[in-house]
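Engineer: sequence and predicted structure below; questions after.
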Amino acid sequence: MTTGFSSGSCRFADYFVICGLDTESGLEPDELSGENFEQSPLRRTFKSKVLAHYPDNVEWNPFDQDAVGMLCMPKGLAFRTQMDSREPQFHSFIITREDGSRTYGFALTFFEEVTSKQICSAMQTLYHMHNAEQYDILHTPTSPQGPEDQRRQHTPSRPMLHAAPAISRLQRFNSYDISRDTLYVSKCICLITPMAFAQACSKVLQQLHQAVSSPQPPPLPLESYIYNILYEVPLPPSGRSLKFSGVYGPVVCQRPSTSELPLFDFAIGEMFNLLGVENVLQLFTCALLEMQILLYSQHYQRLMTVAESITALMFPFQWQHVYVPILPASLLHFLDAPVPYLMGLHSNGQDDRTKLELPQEANLCFVDIDNHFIELPEELPQFPNKLEFIQEISEVLMSFGVSPEGNVYSSDSQAKYRGFRAADMVSDKRNGNLASPLNSYLLRENETIARLQALVKRTGVSLDKLEVREDASSNKDGRVQCDEEELKMHQLNIQVREVFANRFTQMFADYEVFVIQPSHDKESWFTNRDQMQNFDKASFLSDQPEPYLPFLSRFLETQMFASFIDSKILCHDDEEKEHTLRVFDARVDKIRMLNVRTPTLRTSMYQKCTNIEEAEKAIEMRVSKIDHTALHPHLLDMKIGQGRYEQGFFPRLQSDVLSTGPTSNKWAKRSAPAQWRRRDRQKQHAEHLYLDNDQREKYIQEARNLGTTIRQPKLSNLSPSVIAQTNWKFVEGLLKECRNKTKRMLVEKMGREAVELGHGEVSITGVEENTLIASLCDLLERIWSHGLQVKQGKSALWSHLLHYQDSKEKKNATPGSLGPPGFIHDTERRKSDGGGSVMPPLKISLIQDMRHIQNISEIKTDVGKARAWVRLSMEKKLLSRHLKQLLSDHELTKKLYKRYAFLRCDDEKEQFLYHLLSFNAVDYFCFTNVFTTIMIPYHVVVVPSKKLGGSMFTANPWVCVSGELAETGVLQVPRNTLEITFECQNLGKLTTVQMGHDNTGLYAKWLVECVVVRNEITGHTYKFPCGRWLGKGVDDGSLERILVGELMTPSSENDERMCRTPPMQQSPGMMRRFVTISPNSKPKLNTGQIQEGVGEAINGIVKHFHKPEKERGSLTLLLCGEYGLVWALEQVFQHGFKSPRLFKNVFIWDFLEKAQVYFESAEQREVTPDENWQTRVRHFCRFMRAINNAPRNIGKDGKFQMLVCLGARDHLLHHWIALLADCPITSQMYEDTALIKDRSLVNALIRVLQTLQEFNITLEASLVKGVGI
């Protein structure tokens, strides 16, 4: 129950209200609730008025006439004749004030005969007019559907006469004849109360109605009973029960103590009966993730029951957004609200779902209560342990005889929890069908149960123990004071609620550990609330079982979770805590105690609820031993002759006696009777959630920065200016939300990139990034559906894009138009270093990006397409630009959107695009990483060196491209153009290119500068530097090389600046040029720089393994890329390497081969220092042989690279360095100053390399292809 408790009140009811037809003002059609003039007059709605309310006003809860009138009779007045059914209907409603506090209303609507002649004749006149119109329609053959409609809209209780001639048919159906028919009109009596005692209020109202409709007058005048309930019945204190008198019988209500779950008095069983467990759980998941939820039913009470039940089950969390369980017809524009909401919409029982025009459905959960049907938003994650959870709830329901599948035709009033007696049957005829007596024999027969038993076998719980509960009364020696039905309802309620609450106590058992307490005082914490993180999400998620993550990562982003943690931060000691938090924390502590004894670790072990028994006992205790009894109703000081009334009519009451309470009874003004002035009293409000006197309420309100401005629609004033004002608030709210979202996403991303530069700790996970992007997509959908003129398709954004695409294609179809459709030739892009002249940049085209998405057959829905398009635009850093272009077509925007729409508020729109622009600061791969199975075209260009003309080159080159997801296999490249475009399944981020040639023809030597590969959809371009020869007898004699690539970022400078996606440290003094023909021309580094280089390379690898798996970059880059491990060890071995005088290059591999020969001969001579030395030598020689015998034409440097990678994988590098440092060959081939000859430096190097031992390094296939080790 998300409520602030209205502070002054300690009376059971604040107001008694009567609504109905005001005979003075006559019949006013109610235009707002859908003016349907083709409806017959009896089916139209007319304005209802609040006829009277007592008392006039109470200061703690000012009377809101418009809201009460609207919610008592949300559809206005209804007329009936004696032919129609006129059963009384009970429903409840909520009025939420602007500060978020609530009062409850309980209304009973019944029909009274219309006595006013004017009204009857007005109705007759309307019928004459209506029939005349229908007659005209009938006789104009063009549209013969009038009477058909008419017939459909009539209640099926009338006989259908298809064969009758048209005129008589009309007269039969539109029957109101003043001389023959009696006209009835609806009237409503209502109690407005501070707390929701639904059962008690329903009884009071039904007994009052019975008093009026029964032939004998009640024992006392009605005023006495109403006076009693308004002024003499107090609210029961916490943990107590109260009994007071209705007209015909006692009424009992009881209130939970401060250590129990908050008060809840609606029938949860009814919701399960209407929807079934599976649907309820899906709806529950949507509510927890703050989707837009629309309930749809022709019964107001069902809307209310489902809304209240779902929000009650969220304990300890509270719904933070717009909450209107019954949306009056005049407020339909609220469905336009671009915020999460939970609303209930009344259906008239004739229109089906398809006729319902909803402004946005991208993340809408639509619940058709009467038809047992629910439409879910796309990509809804599973609630953790869903199957076991369903099983546990089902067991509870079945023990009460409620079918877990739900009962599509459940009774209108309270669903029956047990077999019925004959007496019940009489009073409940109107309920349609009642549940039949259920016993365990039936349970075994029932197909639902059979289905459940199958589920149970899977989950390993036995169902035979499950018996339907005995009648509660039978074991209570008849002491129970309320009727068994009600006790059953309370028992079922508390059991189901405990099962749900237990899920959260288990899931968040250790949440306190992750709460980030603010370092500064509360004041400054509030001012910076937006920027502050209040919960360590990443650490919390890293503890959770994998299957929970999709749900939890999204749940931690919700407003309700943030508010929950805020309130935790605000109250340090138990005294300050609000009720919900206190109860929740007590339960969490209890679980922790148990877990200390039997630690469960964070497994996905399902733990059932254990405290059902005690919760139930508390209720039974209260009900069997009543704590307080209120004063009995008594005669009031009324004048003689007052208080009489006609049977069948609810009278205008005597306002003089009802308008003020008893003067002697001081407590009505003060806070509570003396005997209750205990701690109870302070807790009374706290229990109803907020202590409203001190600043905390204000703080918490401020802390819920988002959505508060638009939490509640103001029901009273509906002038256009107010609607505009509300929309303006929506616009501001959307902008604020956009600002916060972009900021949060940037901080997460920047935070991560900063971490890779060595600042701070890493915090975002792949799951979390996905969550953030999904919530950005939701925000965009909400912005795009705000103020839509006409809704088309489920995604407002995609529908706008399609309109744009159409209009552009039409324009381009007309002759004389310039250029290809919708392309912008972008000069900024052209200057970019996309290999300079290598590849002309991709044209920037919104339409082209749409076509890419439309070509992906895997994406079936509009919402999916819109999301994919947003992801693609984010990855291309074009989101802001594309949307700007889309909105620059003002004509189109005007055509699609109302004046007040967000997209037509220019300043806000500019700011919004500006916020989106900030995403360009970081690299997202949110398209590539999500659509892993789609086909993507790639474009490859091989760039030969300009210095030495490759024009005479005769061999046939090939390439093979590898990425994080897959590799292409060998692709032949035409010799003359040196570029190809091919399509293959998404390779992911690209990592390596293997390239080579077949060594044919006269001149098979080739100097390649680099290879450039571009993903033609996302535009990501990777450069794979080479700078070496391929050919026998030149450079290191290599016919193929493995090149390691990195992502190029478009930069407008002329220098070809490289930027890696994980930006890595550029260490000083290490600027190596790529194009080097012989090793001698490389800049010589000193030993300090070389050590630093090795340190940095190892450091990069260590950091890589310390990241969560989903975020690691490319390990290949760290091993073989620029300044990677291979390069660093190359520097080690080249330091002090003696190079021969003449132009003959000597490679490190030559040295290693000589060492291998020496070791092998030493082994044969058996000059073995020790066992260890032998195994090391054996390993070294085995690897050398394997690499040399590999079928690939890899040159000497390529072989060295392979050796280093394999050595790193098998943790042997440090052994080999030690071997080589002691090898006599080293002293021949190295100068004395060489690093490898310096004992202390070598030992330091060995220590650094040893740090790789704890990591499990897996190499990309392309690095070790052909080596069978």
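Structural biologist: Nice, thanks for sending it over. Numbers count the residues shown, from 1 in each chain.
Engineer: am I right that residue 89 is in contact with residue 111?
Structural biologist: No. If you go by CB atoms under 8 Å, residue 89 and residue 111 don't touch, sitting 9.9 Å apart. Where C-beta positions appear, they are placed from N, C-alpha and C, glycine not excepted.
Engineer: what number of residues lie near the spatially closest residue to residue 1232 that is not a sequence neighbour?
Structural biologist: Leaving out its chain neighbours, the residue that sits closest to residue 1232 by CB to CB, 6 or more residues apart in numbering is residue 1136, at 7.7 Å. Other residues near residue 1136 come to 19 when the count uses other CB atoms under 10 Å.
Engineer: okay, now the unreliable bits of the stretch 201-350 of the chain?
Structural biologist: 349-350 (pLDDT under 70).
Engineer: please work out the average pLDDT along stretch 491-500.
Structural biologist: The pLDDT scores in stretch 491-500 average 92.
Engineer: next one: that stretch to chain centre, how far?
Structural biologist: 25 Å (CA atoms, centre = their mean, to the nearest Å).
Engineer: does residue 627 touch residue 234 like I think?
Structural biologist: No. Residue 627 lies out of contact with residue 234 (CB under 8 Å); the separation is 11.5 Å.
Engineer: who has more neighbours, those two?
Structural biologist: Ranked by neighbour count (other CB under 10 Å), residue 627 and residue 234 place residue 234 first, with 20 against 16.
Engineer: the more buried one bridge partners, please.
Structural biologist: residue 11 (DSSP bridges).
Engineer: wait, isn't it in contact with residue 10?
Structural biologist: Yes. Between residue 234 and residue 10 there is a contact at 5.9 Å, judged by CB under 8 Å.
Engineer: ok, back up a step: list the residues that are in contact with both of residue 627 and residue 234.
Structural biologist: Common neighbours of residue 627 and residue 234, counting by CB atoms under 8 Å, 6 or more residues apart in numbering, are residue 242.
Engineer: OK, contacts around the spatially most central residue of the chain?
Structural biologist: Centroid-nearest residue in the chain: residue 289, 3.8 Å away (criterion: CA atoms, centre = their mean). Residue 289 makes contact with 380-381, 551, 554-555, 558 under the criterion CB under 8 Å, 6+ apart.
Engineer: and it, how far from residue 930?
Structural biologist: Distance of residue 289 to residue 930, given as CB to CB, to the nearest Å: 19 Å.
Engineer: now do residue 294
Structural biologist: 28 Å.
Engineer: now the residue nearest to residue 1231 when sequence neighbours are not counted: how far from residue 858?
Structural biologist: Using CB to CB, 6+ apart and skipping residues adjacent in sequence, the residue nearest residue 1231 is residue 1136, 4.3 Å away. Using CB to CB, residue 1136 is found at 58 Å from residue 858.
Engineer: what's around residue 998, how many residues?
Structural biologist: 14.
Engineer: you'd agree it is up against residue 954?
Structural biologist: No. Using CB under 8 Å, residue 998 is not in contact with residue 954; the gap is 10.1 Å.
Engineer: what residues sit buried inside stretch 841-856?
Structural biologist: If you call a residue buried by 16 or more other CB atoms under 10 Å, then stretch 841-856 has these buried ones: 841-842, 844-847, 849-850, 852-853, 856.
Engineer: please disregard the earlier target; I meant stretch 1036-1055.
Structural biologist: Here stretch 1036-1055 shows 1036-1050 as buried, counting by 16+ other CB under 10 Å.
Engineer: please apply the same query to stretch 1154-1170.
Structural biologist: Applying 16+ other CB under 10 Å to stretch 1154-1170 flags 1155-1156, 1158-1160, 1162 as buried.
Engineer: just stretch 1022-1034 next, same as before
Structural biologist: Quick answer for stretch 1022-1034 (16+ other CB under 10 Å): 1022-1031, 1034.
Engineer: pLDDT, secondary structure and distance to residue 1217 for the buried residues of stretch 1154-1170 - can I get that in JSON lines?
Structural biologist: Shown next, in JSON lines, are the buried residues of stretch 1154-1170 (pLDDT from 0 to 100; DSSP: H, G, I helix; E, B strand; the rest coil; distance: CB to CB, whole Å):
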{"residue": "1155", "pLDDT": "91", "secondary structure": "helix", "distance to residue 1217": "12"}
{"residue": "1156", "pLDDT": "90", "secondary structure": "helix", "distance to residue 1217": "15"}
{"residue": "1158", "pLDDT": "89", "secondary structure": "helix", "distance to residue 1217": "16"}
{"residue": "1159", "pLDDT": "88", "secondary structure": "helix", "distance to residue 1217": "14"}
{"residue": "1160", "pLDDT": "87", "secondary structure": "helix", "distance to residue 1217": "19"}
{"residue": "1162", "pLDDT": "81", "secondary structure": "helix", "distance to residue 1217": "18"}
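Engineer: check which helix or strand residue 518 maps to.
Structural biologist: Assessed by DSSP states H and E, residue 518 sits outside every helix and strand.
Engineer: just give the number of residues close to it.
Structural biologist: Residue 518, neighbours per other CB under 10 Å, totals 15.
Engineer: pretty sure it sits against residue 566.
Structural biologist: No. Here residue 518 does not reach residue 566: they are 10.3 Å apart, not a contact under CB under 8 Å.
Engineer: shared neighbours, the two?
Structural biologist: residue 534.
Engineer: coming back round to it: just among the contacts of residue 289, which is most surrounded?
Structural biologist: The contacts of residue 289, ranked by neighbours (other CB under 10 Å): first place residue 554, 24 neighbours.
Engineer: restricting to C-alpha, output the helix or strand that it is a member of in CSV.
Structural biologist: Per DSSP H and E, residue 554 falls inside helix 549-555. What follows is helix 549-555, C-alpha atoms only, in CSV (Å, rounded to 0.1, in the frame of the first residue of the first chain):
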residue,chain,number,x,y,z
LEU,A,549,20.6,-11.2,-13.5
PRO,A,550,18.3,-10.2,-16.4
PHE,A,551,15.6,-9.4,-13.8
LEU,A,552,17.7,-8.0,-11.0
SER,A,553,19.9,-5.8,-13.2
ARG,A,554,16.7,-4.0,-14.4
PHE,A,555,15.0,-4.0,-11.0
